[in-house]
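> Coordinates for the following, if possible.
(4 chains)
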There are 4 protein chains.
Amino acid sequence: MDVGFIGLGNMGAAMACSLLKAGHKVTVYNRTRSKAEALAGEGARVAASIADACRGEVVLSMLADDHAVEGVVCGEGGILHSLAEERIHISMSTISVALSERLARLHKEKHQTYATATVFGRPEAAAAGKLFVVAAGPVKAIEKCQTLFDAMGQKTFVVGEKADDANLVKLSGNFLIAATIESLGEAVALVRKSGIDAHRFVEILTGTLFSAPVYNTYGAIIASETYDPAGFKMALGLKDIKLALAAAETLNVPLPIASLVRDHFLSGLAQGQGDSDWAALARIAAKNSGL
Amino acid sequence: MDVGFIGLGNMGAAMACSLLKAGHKVTVYNRTRSKAEALAGEGARVAASIADACRGEVVLSMLADDHAVEGVVCGEGGILHSLAEERIHISMSTISVALSERLARLHKEKHQTYATATVFGRPEAAAAGKLFVVAAGPVKAIEKCQTLFDAMGQKTFVVGEKADDANLVKLSGNFLIAATIESLGEAVALVRKSGIDAHRFVEILTGTLFSAPVYNTYGAIIASETYDPAGFKMALGLKDIKLALAAAETLNVPLPIASLVRDHFLSGLAQGQGDSDWAALARIAAKNSGL
Amino acid sequence: MDVGFIGLGNMGAAMACSLLKAGHKVTVYNRTRSKAEALAGEGARVAASIADACRGEVVLSMLADDHAVEGVVCGEGGILHSLAEERIHISMSTISVALSERLARLHKEKHQTYATATVFGRPEAAAAGKLFVVAAGPVKAIEKCQTLFDAMGQKTFVVGEKADDANLVKLSGNFLIAATIESLGEAVALVRKSGIDAHRFVEILTGTLFSAPVYNTYGAIIASETYDPAGFKMALGLKDIKLALAAAETLNVPLPIASLVRDHFLSGLAQGQGDSDWAALARIAAKNSGL
Amino acid sequence: MDVGFIGLGNMGAAMACSLLKAGHKVTVYNRTRSKAEALAGEGARVAASIADACRGEVVLSMLADDHAVEGVVCGEGGILHSLAEERIHISMSTISVALSERLARLHKEKHQTYATATVFGRPEAAAAGKLFVVAAGPVKAIEKCQTLFDAMGQKTFVVGEKADDANLVKLSGNFLIAATIESLGEAVALVRKSGIDAHRFVEILTGTLFSAPVYNTYGAIIASETYDPAGFKMALGLKDIKLALAAAETLNVPLPIASLVRDHFLSGLAQGQGDSDWAALARIAAKNSGL
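Below you'll find the predicted structure:
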């Protein structure tokens, strides 16, 4: 398929590569052009502008936050003003439910199609085309893009036709990862202070009821205390927890564990740990235990 | 092996059966004798007293709580006063770290061997001999009893030589299960209030990063809201969280998520839900969201 | 002094009356004109527009929230576009620190003077001219308006020259009131469940270490469980806690008690209690205790 | 009156002195005899044993914790075994509701009278005879001892005839003090990080809605950050919060703020702050904010 890809950070670049490897024709755009040029060697065409990346059948965007997405979509020369009618914008960024709702409305007014395909997985998974894709939006658009999702991910889950549902699922998932990190961090602080080896403890957990990727990944990081360099920065973890809390607030849903995690992230940032991996929640738990 | 088994509740009866099926000679004792007699048909010998169940090479105990264990071990005619020197007591109950420490000391004074083998798994797993066993204590005793653990469980993890370490791992594991339930309950309340199907959401979680038994089991219960009859009662969940908090308190380790879960369990009990499954934490989260 | 007063809700109307009683010449404006006309009998001049209320030496505004303030100040025909150079705008509303910072900047660009004078006290105190005023802004402006503050309040505290400092103090104060309500609610649930009379308990508190208006006021409400009609609605309490959390978030300051209170307010709203007094936090605590 | 006084710590010694100053005949006993002898100069008779201090009409006890009280009352040669029938034991220590209930039962079996008179106030207040006394127990006993309470305190509140009610009120009061410290600590961290002077902030609070001794005392300590030496140690604060939580647990009452405060106290102890004043909760809040 002939597609555009906007946003070439750690995740985006790896995802665009997966599309190229699968044989798609990909026009890439990034604000800092050098990141786009780095993909030329993989066969990507480098777009000179956002509009230039909107000439294919589908444009995918994978950006850092609401602010970046708003700029790229609604700004002068943005997707909204460049995409032809009927063409599809697949928003893959982790953004607020509120913004996603708004984008759906704006695209509709322009007779463009808006769908979402959020992803679970760290950069390694993105590089291997092993992400999990959670998509939502008009059935036809999702079906048409399935081949793209297959290139980037190992499995796709379709939530429904309301595009922002995929955003809420993504935010809820990230909340659950953060909750897992925090709980693990507390439990590891406890057993460690009692003299039990943290690796042994994590091995028991992942060998029994907790044999899931999230425990394997974060159990290993926490047991070995390797929080730097970050796979996913604490500052971004805070951003996502805030988005989950904001979505919940709109619906009058309290999320006490998210509140607690948010407070610990704030402490982390206040103490200069914003660039550490968000698993460093466990380092805060350890410090609070006198370890 | 010729063993005694004391405590034939849901879990204990299933575990004793597993031992019988594996060909061990099992003498069973239960305060309410009828529960012991029910196992006679499976080939168990029914003990008339605790002492009677202590005549084999090993006696295993699986009781409800500290109080019951203290009675059975230290009480008149208890294990402590009945077991021959050098013989082994394997304590499998979920009890406090403090009591386990004390039992180790008391058994040592009597030149008896004390070890622990706590288990993860609900009654179904116990019936299938598919528990996970977490053992701790003197190497020789653990090695000797490995054949027993193999009969009851699918895998054994040895933590170390300090017997109470297995109790702490068990309590930490139950804390992590409760934390998972609470987090899941909050997340499900959120997506449900937004109109997303809870089953679909759980399917996405367990199909991606959260593909572990604990999410499968509790995700299903929470999505279908089937909290009664209980697999594991909220009142017992509260008991275990209190034991985890007590162990942590001794070491000056704060466990903020355990504190939060404890408070929600207390609310549940105050509102008459003590006999519901501990997964009903999710029902409290739903109620707090106005669902 | 010849002043304008914009915003005639429960608090604003009472405050404008206090100014009139003290002999000031007050031109009042309210979006719903009838509320302004109600004050004509007290001697107020009714303004036809915001601009009309900006012709005096000082214009005071007392509005519901950020949105209302932004409209009245920055909107078409708003204070920003109506106030003469050098003239003073005293913002008395409970608004975000961020908006107050922005207003300071905008007024400065227009060579107008911006200062804040937030108030503590419920409508009864406003009617009696017994508010506490917490002011911040340029020294000269504060000094000039002291006579106005004296008319509305029993005491004025000047925080400093940064106008938004008074907003932060106000939000922090409201956070402390909410924390007091929540703590009192929990303690009263405890003693009540034990059979102790709540009034007697509150009497002991306010007769000893807790002899402050905040305990007198909320202790009485909680002991008698009279949450309706509201003196200050739970929905507004939530608004203010959110503003406190937002201000703290900007500075990376966790406020765990504010997070907890926010979650309880959300529960309250989810369960239809948004119009009850914010002291109904205690009703939630009671329910959670099975009372 | 001819009374015995057992337990001469900071508080007890000051209280015994107040009794002496008021003209009562006081026989003092302390495990470490030197503390008793120090009061001989004030006119106290030094008892050689607990029994020796039980020969008057009333014996008062003011001890560190449950363990000490249990030893002094129930131990060999303890009050229970020394006090004549009909004589009165006034328990003034901050102990668990459960122990107080038990003491009432035990004394009753011995036909002795048991009542409680817990006190609010720091050592300075005790020295000045300005404590607040919260008493509970048989009316006659309370009436008879009123003259003693008047000597030690500025005011007496009688809760009722169930002796342990005074213990619950005391624990609830201490919980509210700790909640106040924590809230103040969080708010002060916030305003301080924004550049507002902490003393000014506390002055505003105590000059308005928060004009109570608890805010004056702890506001001053927190603003000036003078946590050492302690007026009341964090380790004791933790003890009292645990007693409040235990009493609440028995009644299935969650106290989320007490849970949060407990966790912060544990962190404080884990980090070696157990001997600092319990107001050092505010130092933890400051650290968590990056101050």
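
> Tell me how far residue A:41 lies from residue A:13.
12 Å (C-beta to C-beta, to the nearest Å). Any C-beta I mention is one placed from the backbone N, CA and C, and that applies to glycine too.

> Of those two, which one has the most company?
In terms of neighbours (other C-beta atoms under 10 Å in any protein chain shown), residue A:13 is the more surrounded of residue A:41 and residue A:13; the figures are 24 against 7.

> That one - that's part of a strand, no?
No. Counting by DSSP: H, G, I helix; E, B strand; the rest coil, residue A:13 falls outside a strand, being helix.

> Might one say that it is in contact with residue A:39?
Yes. Residue A:13 lies in contact with residue A:39 (C-beta atoms under 8 Å); the separation is 6.5 Å.

> got any ranges where the stretch 51-200 of chain A has weak pLDDT?
By pLDDT under 70, the stretch 51-200 of chain A has no low-scoring segment.

> so what's the closest residue to chain D within it up against?
Proximity to chain D, evaluated over the stretch 51-200 of chain A using C-beta to the nearest C-beta, is greatest for residue A:193 at 8.4 Å. Taking C-beta atoms under 8 Å, 6 or more residues apart in numbering or on different chains, we find residue A:193 in contact with A:289-291, B:251-253.

> okay, now the residue nearest to it when sequence neighbours are not counted: neighbour count?
Distances taken as C-beta to C-beta, 6 or more residues apart in numbering or on different chains place residue B:251 nearest to residue A:193, at 4.7 Å, with adjacent residues excluded. Residue B:251 has 20 neighbours, counted by other C-beta under 10 Å.

> can you pull the pLDDT of residue B:251?
We have a pLDDT of 98 for residue B:251.

> just the buried members of the contacts of residue A:193?
Among the contacts of residue A:193, the ones that count as buried by 16 or more other C-beta atoms under 10 Å in any protein chain shown are A:289-291, B:251-253.

> could you dump these to CSV with distance to residue D:141 and secondary structure?
Compiled in CSV, those are given as follows (distance: C-beta to C-beta, whole Å; DSSP: H, G, I helix; E, B strand; the rest coil):
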residue, distance to residue D:141, secondary structure
A:289, 46, coil
A:290, 45, coil
A:291, 50, coil
B:251, 42, coil
B:252, 40, coil
B:253, 43, coil
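
> Can I get these in JSON lines including distance to residue B:86?
Listed next are the buried ones among the contacts of residue A:193 as JSON lines, based on distance: C-beta to C-beta, whole Å:
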{"residue": "A:289", "distance to residue B:86": "39"}
{"residue": "A:290", "distance to residue B:86": "40"}
{"residue": "A:291", "distance to residue B:86": "39"}
{"residue": "B:251", "distance to residue B:86": "33"}
{"residue": "B:252", "distance to residue B:86": "38"}
{"residue": "B:253", "distance to residue B:86": "36"}
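
> Closest to the centroid, which residue in chain A?
What sits nearest the mean C-alpha location of chain A, by C-alpha atoms, centre = their mean, is residue A:94, with 4.9 Å.

> Over to that one. Which of the three states is it?
Going by three-state DSSP: residue A:94 is coil.

> correct me, but residue A:54 touches residue A:5?
No. With contact defined as C-beta under 8 Å, residue A:54 does not count as touching residue A:5 (10.9 Å).

> Compare the two (neighbour count), which wins?
Legend: neighbour count by other C-beta under 10 Å for residue A:54 and residue A:5, higher for residue A:5 (32 against 25).

> Please, which helix or strand holds that one?
strand A:2-6 (DSSP states H and E).

> Relative to the whole chain's centre, how far out is that strand?
The chain centre lies 18 Å from the centre of strand A:2-6; the measure is C-alpha atoms, centre = their mean, to the nearest Å.

> Contacts for that strand next, please.
By C-beta under 8 Å, 6+ apart, the list of residues contacting strand A:2-6 from outside reads A:12, A:15-16, A:19, A:24-30, A:44, A:47, A:50, A:52-63, A:72, A:79, A:148.

> Flag every buried residue along that strand.
Neighbour-count burial for strand A:2-6 [16+ other C-beta under 10 Å]: A:3-6.

> can you check stretch A:33-45 too?
Residues of stretch A:33-45 classed as buried under the neighbour-count rule (16+ other C-beta under 10 Å) are A:35-36, A:39, A:44-45.

> coming back round to it: and the residue of the stretch 51-200 of chain A closest to chain D, how far is that from residue D:181?
26 Å.

> Which residue, neighbours along the chain excluded, lies closest to residue A:107?
residue A:114 (3.7 Å).

> cool, and residue A:282?
Residue A:282 sits nearest to residue A:185 (C-beta to C-beta, 6+ apart), 2.9 Å away.

> Neighbours of the one you found, how many?
By other C-beta under 10 Å, 24 other residues sit near residue A:185.
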